[in-house]
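[1] turn this into a model:
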Amino acid sequence: MRRLARWLSAAATLALAACAGLPPGEWGYPSTDPLPQRAERTDAPFHPQEVYQCGPAALATALGSAGIRRSPEELTNEVYIPARQGSLQPEMLAAVRRSGAVAYRLAAQPRALLKELAAGHPVVVLQNLRFDWAPQWHYAVAVGYDLPARQVVLRSGREKRLVMDLDDFDRSWAKSGRWAFVALPPERLPATAVEADYVAAAVALERVAPAAAERAYRSALGTWPNNLVARIGFGNTAYRRGELDAAEAAFRQAAADHPESGDAWNNLAQVLHERGQRTAAREAAKRAVAIGGPRLPAYRRTLEGIPGG
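    Okay, here's the model as predicted:
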């Protein structure tokens, strides 16, 4: 397993005060891409916020909506930073992954928020409820909207159903750069899923919850069957479980779809070697070495580890 190519993604370190405010957002919706005028996830759990505990409360609501029961008390140790009297964005996303869900960041657009809510996906949002120069950062969960009334519905603080004017909400949300995410089961794609972004979210999930990541890769491949990262990720998780049949099939498909991928050939070579198919393994390893690239030393080690001529 140590010779399998791994997919890494750089995670940007975020701070609560790092985002500059954005100009007013467009909350209308074009007729070419219509949405329901109203939508609300009325069954989204509610957890009244204790002092400085908006992060754990929001997470518990989002995860509960995804069918994952975590209490705010359980989540406090994972995300709450006493020195900050709050929770930073990286800890929020990491806690979602540790719970076995996909943490998917939304585009910083009102349209993305509306589409997820219309699909029944509650959205964790970061607001600044005061001023840029004296911020009061707050996590809430958007659970619905009413476009004709220009309102958004939130689980917020100790309010189970806080109704905010869209303009007021947008001003508070824009101060965080409209930072937001959904927490979803690996079997369900976000309504606004972008191929590269969703697969990157699955890669991040694999680091802490490989079994859940395997299901997320399967979801990605159901929509984007030629995605190389998802195909290799699926093969890697199968390999880790000792399912060499599934791993070989995944790497063969990756090499067939992307013959220029050294990682696909390298991983296929390793699995074939472990299955006793040395001739085929050496041929695959040679293909990887011939392709080269930044992981050429790893490809060479794979080839050197396969006995033969």
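
[2] on the three-state scheme, Arg161 is what?
    At Arg161, secondary structure determined by DSSP: H, G, I helix; E, B strand; the rest coil is strand.

[3] tell me where the stretch 201-309 of the chain has helices.
    Secondary structure of the stretch 201-309 of the chain by DSSP state H, counting those that start in this stretch: the helices cover 210-223, 228-240, 244-257, 262-274, 278-291, 296-304.

[4] got a markdown table for the ones you listed, with mean pLDDT, distance to Leu106 and mean neighbour count too?
    No exception for glycine: its C-beta is placed from N, CA and C like everyone else's. Output for the helices of the stretch 201-309 of the chain, formatted as a markdown table (pLDDT from 0 to 100; distance: least, C-beta to C-beta, whole Å; neighbours: other C-beta atoms under 10 Å):
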| stretch | mean pLDDT | distance to Leu106 | mean neighbour count |
| --- | --- | --- | --- |
| helix 210-223 | 97 | 17 | 20 |
| helix 228-240 | 97 | 20 | 24 |
| helix 244-257 | 98 | 29 | 20 |
| helix 262-274 | 98 | 30 | 26 |
| helix 278-291 | 98 | 36 | 19 |
| helix 296-304 | 97 | 35 | 17 |
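
[5] could those be laid out in a markdown table, adding distance to Leu117?
    Putting these into a markdown table (distance: least, C-beta to C-beta, whole Å) gives the following:
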| stretch | distance to Leu117 |
| --- | --- |
| helix 210-223 | 20 |
| helix 228-240 | 26 |
| helix 244-257 | 35 |
| helix 262-274 | 38 |
| helix 278-291 | 45 |
| helix 296-304 | 44 |
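
[6] so which of the ones you listed gets nearest Pro23?
    helix 210-223 (32.5 Å; C-beta to C-beta).

[7] how far away is Gly235 from Glu74?
    Per C-beta to C-beta, to the nearest Å, Gly235 is found 33 Å from Glu74.

[8] over to Ala140?
    Distance from Ala140 to Glu74, by C-beta to C-beta: 20 Å.

[9] ok, Ala249 to Ala230 distance?
    14 Å.

[10] count of neighbours near Trp224?
    18 (other C-beta atoms under 10 Å).

[11] so who does the residue lying closest to it once chain neighbours are set aside touch?
    The shortest distance from Trp224 to any non-neighbouring residue, by C-beta to C-beta, 6 or more residues apart in numbering, is to Glu195 (4.8 Å). If a contact means C-beta atoms under 8 Å, 6 or more residues apart in numbering, then Glu195 has Ala220, Thr223, Trp224, Asn227 as its contacts.

[12] do Ala254 as well
    So Ala254 contacts Leu228, Arg231, Ile232, Gly235, Ser261, Asp263, Ala264, Asn267, Leu268 (C-beta under 8 Å, 6+ apart).

[13] for the stretch 101-250 of the chain, which spans come out with low pLDDT?
    By pLDDT under 70, the stretch 101-250 of the chain contains no weakly predicted segment.

[14] ok, back up a step: with neighbour numbers in mind, choose between Ala140 and Glu74.
    Applying other C-beta under 10 Å to Ala140 and Glu74 shows that Ala140 carries more neighbours, namely 27 against 15.

[15] I am finished for the moment; much appreciated.
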